[in-house]
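**Q** need a 3D model of the following:
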Amino acid sequence: MPSVIPNFRKVWVVSLPVMLSMLAQNIISVTDTAFMGRVGEIELGAAAIGGVYFHVLFMLGFGFATGMQILISRRKGENNLSQIGPVMETGLLFLWILAATLIAGAQLLTPSIMPLVINHESLLQPSINFLNIRIYGLIFVFVNVSFRAFHVGTTNTRPLTYGSIVMATTNIVLDYLLIFGKCGFPEMGLEGAALASVVAEAVETVYFVVYNSRAKIRKTYRLFYFRNVNFGLLKKTLNISIFVMLQYFISLSTWFIFFIVIEKTGEQNLASSNIIRSIYGFITIPVWAYAAVTSSFVSNAIGAGHTEQVTAIIAKTVKISFVTSLIITLCTSVLARQVLMIYTDNMELVDLSLLSMYVILSANIIFSCSCVSFSGVSGTGKTKIAMFIEIISLTFYMTALYLLVYYFPDNVEFAWFSELVYWTGLLILSLLYLKFGKWRPRNY
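**A** Below you'll find the predicted structure:
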């Protein structure tokens, strides 16, 4: 039986556009954080809480899109290309309804939720104002993750590169114009950052729709025909996606709790943690990309009948991920202070953040193995098992966070050690399941 284990070139060629796509999404966070760092610590803290709150809701859509990707990859492996379009269309319809529901719910409930979780009055209204605008990005970002699922699932990831360039460029320009009021634009500060992000995501949506409306793509995958709603296909997608959605929602909710805990220790600690969050998200982009393509490679292999090669595929990508992360970690460690100064010119804040940065760089090494291994579990279609692995790991994480903040309330870097606990637990549980679990998938 021929090998479907990807070599380094294959992994890199498929992963690079995904990295660039994720980079663009992360550039929104980086530029918002960097600009807010020069506006003030209150704005920086409010952007942190508002940004994580937004991402908690975003992960519901991202989880559904992950289920779409698994199905699309399976159809690609089966060479059943004409069934990919219906998966996309059904998924887009569901995600539009989900986005509208979440926006309405957030507008209604956020003013009541925020006073319960934010201690500092100075952060409350700015966080709400940021979210009132930022929440509308869900309409566009849900469409964008659907197209990312489509391109990763079909292993045609090059279009993601151009989409990422369009979005990142739009966001950087609008951040500069709207936050500081340049070239005749109103000076909107924190709200300008939120508006810039929404418009940038809308521009990327337009790009994806135009690109994928070409006759060849539509004909090959039966895309954009918008037949009657296929409730059977929606149920099949939800059977895979629902556990991923819950998994991501729970995971990001604990991330939100992390920032709420930090907020209670002081505004400066929160500002520092927002900078660390942004750097953490940036340096982990390659691993997230490797994880996404690993899920696709695994599902493709199963669809093509090469189940016996699944663990070798995961092992191969883990090695590549580890080496990449090691290089990034070493380089960033040497330039740690200079990297922090990109975000703020407040040297007291730089000094406060330095130790936390070394902690997340250490976590990045473990993350490089655990994230890819865990994505391999999801790629087999066993998303319910993946959710339970996530919940157990998050239990370790929350316990560690509570103990570390309780015993070291004045040292924000200790709180970040909980990341080491989380990724170590996720790695051990994922490897145990891949070795001993009954993950041979049923047909989808």
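
**Q** tell me the first helix or strand C-terminal of the helix or strand containing A194.
**A** Remark: A194 resides in helix 190-211, with elements defined by DSSP states H and E. Secondary structure here is assigned by DSSP H and E; on that basis, the next helix or strand after helix 190-211 toward the C-terminus is helix 215-221.

**Q** let me know the next secondary structure element after that following helix.
**A** Next along the chain after helix 215-221, taking DSSP H and E as the criterion, comes helix 231-263.

**Q** for that next one, buried residues please.
**A** 233-234, 236-238, 240-252, 254-263 (16 or more other C-beta atoms under 10 Å). The way it works is simple: take the backbone N, C-alpha and C, and place the C-beta from them, glycine included.

**Q** packing partners for that helix?
**A** Other helices and strands packing on helix 231-263, by 3 or more C-beta pairs under 8 Å, 6 or more residues apart in numbering; DSSP states H and E, are helix 41-77, helix 84-117, helix 267-283, helix 383-407, helix 412-415.

**Q** 6 Å - rerun?
**A** Other elements packing on helix 231-263 under the criterion 3 or more C-beta pairs under 6 Å, 6 or more residues apart in numbering; DSSP states H and E are helix 41-77, helix 84-117, helix 267-283, helix 383-407.

**Q** tell me the gap between it and the middle of its chain.
**A** Centroid separation for helix 231-263 versus its chain: 11 Å, with C-alpha atoms, centre = their mean, to the nearest Å.

**Q** pLDDT (mean, whole number) over stretch 391-403?
**A** The predicted model assigns stretch 391-403 a mean pLDDT of 93.

**Q** other residues contacting stretch 328-335?
**A** Contacts of stretch 328-335 with the rest of the structure, by C-beta atoms under 6 Å, 6 or more residues apart in numbering, involve I283, L361, N364, I365.

**Q** from those, which is closest to M387?
**A** Proximity of those to M387, judged by C-beta to C-beta, is greatest for N364, which lies at 24.1 Å.

**Q** wait, the closest one sits on T324?
**A** No - with the criterion set as C-beta atoms under 6 Å, N364 and T324 do not qualify as a contacting pair; they are 10.2 Å apart.

**Q** same drill for those two, tell me which one is more crowded.
**A** For N364 and T324, the more surrounded residue by other C-beta atoms under 10 Å is N364, and the numbers stand at 22 against 18.

**Q** how far away is the more buried one from A400?
**A** With distances taken as C-beta to C-beta, to the nearest Å, N364 is found 17 Å from A400.

**Q** again, but for V372
**A** Applying C-beta to C-beta, the value for V372 to A400 is 22 Å.

**Q** which of those two has more residues huddled nearby?
**A** Each of V372 and A400 has its neighbours counted (other C-beta under 10 Å); V372 has more, 28 against 19.
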